[in-house]
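Student: got a sequence here, can you model it:
(one chain, ligands or ions: 2)
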Amino acid sequence: MTYYEPKPHKKFFEKTLEDYRDSIWGCARCNWCQNHWAWNVKSAEYSEICPAFHEFRIFPYAGMGKMHIARALLEGDFDYEDAPEVVKFLYTCTTCGACELNCQRLQDKEPLQVNETLRARLVKDGIGPMPEHRNLLKSVKNYDNPWMQPRTQRDRWARKIKIKNIEKEPAETLFFVGCTVAFDNTQWHVAQNTATILLGAGVDLGMLGTKEVCCGSPVARIGDRDTFFDLAQRNIDMLNKTGAKEIVTFCPGCFKALSHDYAEVPDVPRLQAAVYHSSQYFDRLITEGKLTFSRPVNKRVTWHDPCHMGRHCGIYDEPRRVLEAIPGINLVEMERIKDQSWCCGGGGGARTAFMDFAQKTAAKRIGEAKKTGAEAIVTSCPFCEQNIGDALNAMNDEMEIFDLTDIMIKAMYSREV
Ligand code: SF4
Ligand code: SF4
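Tutor: Residues are numbered from 1 along each chain as shown. Ligands and ions are numbered 1, 2, ... in the order given. Next comes the predicted model:
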């Protein structure tokens, strides 16, 4: 090849390692993928940004190491038998995207895309994913959700809420609930709060009820592309058929799948509706004067940016504006925020396969949050809430964790948070 040879345009999910060959060889081995962006660093303690490298301390766990593994596989310098632990190197990555973002600022390479493509290669070769992921994949194939739950239970959270079933009655806006908040009764509060807030603001809201299926985000991140393509096709067909003009979702995994990942799947139609994360939608309703908060919530809180909402999709300011619109809330910031935020440790299948690592990563975030003097962490992701919440319980720490909607509901209806 020459430098002048035009490269074919491909969607992300049709790319193989071959498509990253130049990028992989171009890795400068500069280590920026492990570090907090230099202009933002305030202390040595919080100067790193890759949770996997911070915990395991050898390069194959970092973005740079993924480039090296990919290069060796591509060039035939490495076989799986040489280092069976390669599966662990690839799957401890939380897919937080910090390496990708910092590398792109300086070197314009794609260490996370390379890692996700490596995972797809491992799944194809029968080496990946981790054994703990296999039940999740089986469940998605058999039950359309990762939690081994019967489809009939998907709308139980909504029994006391008057929300339209969009298959029976048309609605302007569709609430895409997501598997975790629909099936896990400790997370029902988020689905119930979200629907209550939207209906209260006069939104013409419907849902798919028991017909909703997994967005496919967990299987995409794990590297099972065939199953993800099938779910993307089914979701696009079903969502387009509803005629809804807008889709609102709370789970950052669902949001990224619907708003970004489906467009990167080959040979599927476009999703017709505009897709919003619930915090974006709330922010808009506040600006339009349709959502107001009359009761003070006197709390000092800090915002934890979920990676798939922040770094992956660029939503940083909207949830902060929502919090700042609530009387009594004192928002204080951690050292690593927005595109330099520290991951909770729960994403990319890491919590499923490496609970101990996920919990240690969450504990590091809690330590950072405590330095702000905040009484509570507020976030908007079921995995962040679970992972940080479990770590708080294990530490027997009095700090609390809330979903954004918990605080909003308190400010609107004076319910307990
Ligand atoms: S992946 Fe990017 S940031 Fe990391 S070492 Fe290579 S060039 Fe540097
Ligand atoms: S995505 Fe996050 S956890 Fe994975 S290698 Fe990059 S910085 Fe590390």
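
Student: any idea how far ligand 1 is from residue 44?
Tutor: 20 Å (CB to the nearest ligand atom, to the nearest Å). Where C-beta positions appear, they are placed from N, C-alpha and C, glycine not excepted.

Student: ignoring the adjacent residues along the chain, who's closest to the residue in the stretch 301-417 of the chain that ligand 2 sits nearest to?
Tutor: Ligand 2 sits closest to residue 343 of the stretch 301-417 of the chain, with a gap of 6.2 Å, by CB to the nearest ligand atom. Leaving aside its sequence neighbours, residue 343 sits nearest to residue 96 (CB to CB, 6 or more residues apart in numbering; 3.7 Å).

Student: which residues touch the helix or strand containing residue 247?
Tutor: Taking DSSP states H and E as the definition, one finds residue 247 inside strand 246-249. By CB atoms under 8 Å, 6 or more residues apart in numbering, the residues outside strand 246-249 that reach it are 172-178, 194, 198, 205, 215, 239, 255, 258, 271, 273-278, 281.

Student: what about those, which are in helices?
Tutor: Applying DSSP state H to the contacts of strand 246-249, the entries found in helices are 194, 198, 239, 255, 278, 281.

Student: contact partners for the residue lying closest to the second one once chain neighbours are set aside?
Tutor: The spatial neighbour of residue 198 that comes closest, neighbours along the chain excluded (CB to CB, 6+ apart), is residue 205 at 5.1 Å. Contacts for residue 205 were tallied using CB under 8 Å, 6+ apart; they are 163-164, 171-175, 195, 198-199, 248.

Student: specify which member of those residues is nearest to residue 111.
Tutor: residue 248 (31.8 Å; CB to CB).

Student: from ligand 1, how far off is that closest one?
Tutor: Distance from residue 248 to ligand 1, by CB to the nearest ligand atom: 35 Å.

Student: and stretch 299-319, how far out from the chain middle?
Tutor: 11 Å (CA atoms, centre = their mean, to the nearest Å).

Student: which of the residues in it are classified as buried?
Tutor: Judged by neighbour count (16 or more other CB atoms under 10 Å), stretch 299-319 contains these buried residues: 299, 301-313, 315-316, 318-319.

Student: if we can go back for a sec, filter the contacts of residue 205 down to the buried ones, ChimeraX style.
Tutor: Under the burial definition 16+ other CB under 10 Å, those of those that qualify are selected in ChimeraX by:
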select :163,164,171,173,174,175,195,198,199,248
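
Student: out of the contacts of residue 205, the closest to ligand 1 would be?
Tutor: Closest to ligand 1, out of all of those and judged by CB to the nearest ligand atom, is residue 248, at 35.1 Å.
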